[in-house]
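Novice: whatever this is, show me its structure:
(one chain, ligands or ions: 1)
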Amino acid sequence: MLLLIYCIFMHPSLPRLLKLQQMDQKIFESRQFLVRIPREIEQVQKQLKAEQELVSRYKKELLQIELSIKELEEEIAGIKSKINQYKLQQLSTRKNEEYQALSHQIVSAESKVSALEDKILELLDKKEMLSKTFKEQESKFHRFSDEINGKIENLLIQKKMLEKNLDQLLEERKNYASGFDQQLLQNYQRIAAAKPGSAIVPVTEESCGGCHMKMTKQTYLKVKSSEELVFCEYCGRILFFPQ
Ligand SMILES: [Zn+2]
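Specialist: Numbering: from 1, shown residues only. Okay, the predicted model is just below:
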């Protein structure tokens, strides 16, 4: 409707150029969307990877704790076997001094065992807490993974649709542009390449609707008369008078 109103007050080439600009704008937007999709996919994949890394980190920490517990248990078993040896030696000795020395070694070894057992208890507590965190993170990751994979699937469907739509738009644009005067088309395309979506702009309050510079009275009157195509003397855009 807006386009029809403009038609009455503008240069005869302008309605067609404006329609071409609309088509180009749609093509530009489709391309922008298409560029955004792979970036969006990359971003969500990064988030998913971060969650997965957290699961792996907790798992690694858990394995490290289990390994430490095993090492402590082996150390305790070694000390306990020594305690048994000391006790056997005590049974066979007749020297009081040696008996006493062995008693000291037994007490010292038993206190070491006790300290190591405390360490194991601490590690078991830590393991319990970490197991809980690990399981929570693991289920969070699985939920997130389903969500992200669904999102990626949708984005890929969207991409396919956009690509199909873009092909159609390009075909329509090609057919539409084929009916244009070549010089006019080249001029428009040159401006549109530098100023996508705003190669043709309305005059607003005697200023260019693109660069907003105030135009000379002469330019303003030329645009208003609609007798020729007028270009902004500052930015080169094609001007039209919206009444
Ligand atoms: Zn301008």
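Novice: for this structure, which helix is longest?
Specialist: helix 96-177 (DSSP state H).
Novice: avg pLDDT for it?
Specialist: Computed over helix 96-177, the mean pLDDT rounds to 97.
Novice: packing partners of that helix?
Specialist: helix 14-92 (3 or more CB pairs under 8 Å, 6 or more residues apart in numbering; DSSP states H and E). Yep, even glycine has a C-beta here, placed from its N, CA and C like the rest.
Novice: the helix it packs on vs helix 96-177, what angle?
Specialist: Inter-element angle recorded for helix 14-92 and helix 96-177: 170 degrees (by axes from the mean of the first three to the mean of the last three CA atoms, to 10 degrees).
Novice: what is helix 14-92 packed up against?
Specialist: In this structure, helix 14-92 packs against helix 2-8, helix 96-177, helix 182-194, strand 200-204, strand 238-240, with contacts taken as 3+ CB pairs under 8 Å, 6+ apart.
Novice: just how off-centre is it within its chain?
Specialist: 16 Å (CA atoms, centre = their mean, to the nearest Å).
Novice: before we move on, what about stretch 89-102?
Specialist: A distance of 73 Å separates the centroid of the chain from that of stretch 89-102, by CA atoms, centre = their mean.
Novice: before we move on, the earlier item: the longest helix of the chain to helix 182-194, inter-axis angle?
Specialist: Relative orientation of helix 96-177 and helix 182-194, computed by the same axes, to 10 degrees: 160 degrees.
Novice: hmm, what's the outermost residue in this protein?
Specialist: Among residues of the chain, the one most distant from the C-alpha centroid is Arg94; the distance is 78.8 Å, by CA atoms, centre = their mean.
Novice: save the helices and strands packed on helix 14-92 as CSV, and put in distance to Gly78 too.
Specialist: Formatted as CSV, the helices and strands packed on helix 14-92 follow (distance: least, CB to CB, whole Å):
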stretch, distance to Gly78
helix 2-8, 90
helix 96-177, 10
helix 182-194, 80
strand 200-204, 87
strand 238-240, 91
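Novice: the ion contacts on the protein?
Specialist: Residues of the chain lying close to the ion by CB under 5 Å from the ion are 208, 210-211, 232, 234-235, 237.
Novice: what's the domain layout of this protein?
Specialist: Here the domain assignment for the chain is 21-180, 181-243, based on automatic domain parsing.
Novice: out of those, which gets nearest to Ser13?
Specialist: domain 181-243 (5.9 Å; CB to CB).
Novice: which ChimeraX command selects the buried ones in the residues of the chain next to the ion?
Specialist: Buried residues within those, by 16 or more other CB atoms under 10 Å, are selected in ChimeraX with:
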select :208,210,211,232,235,237
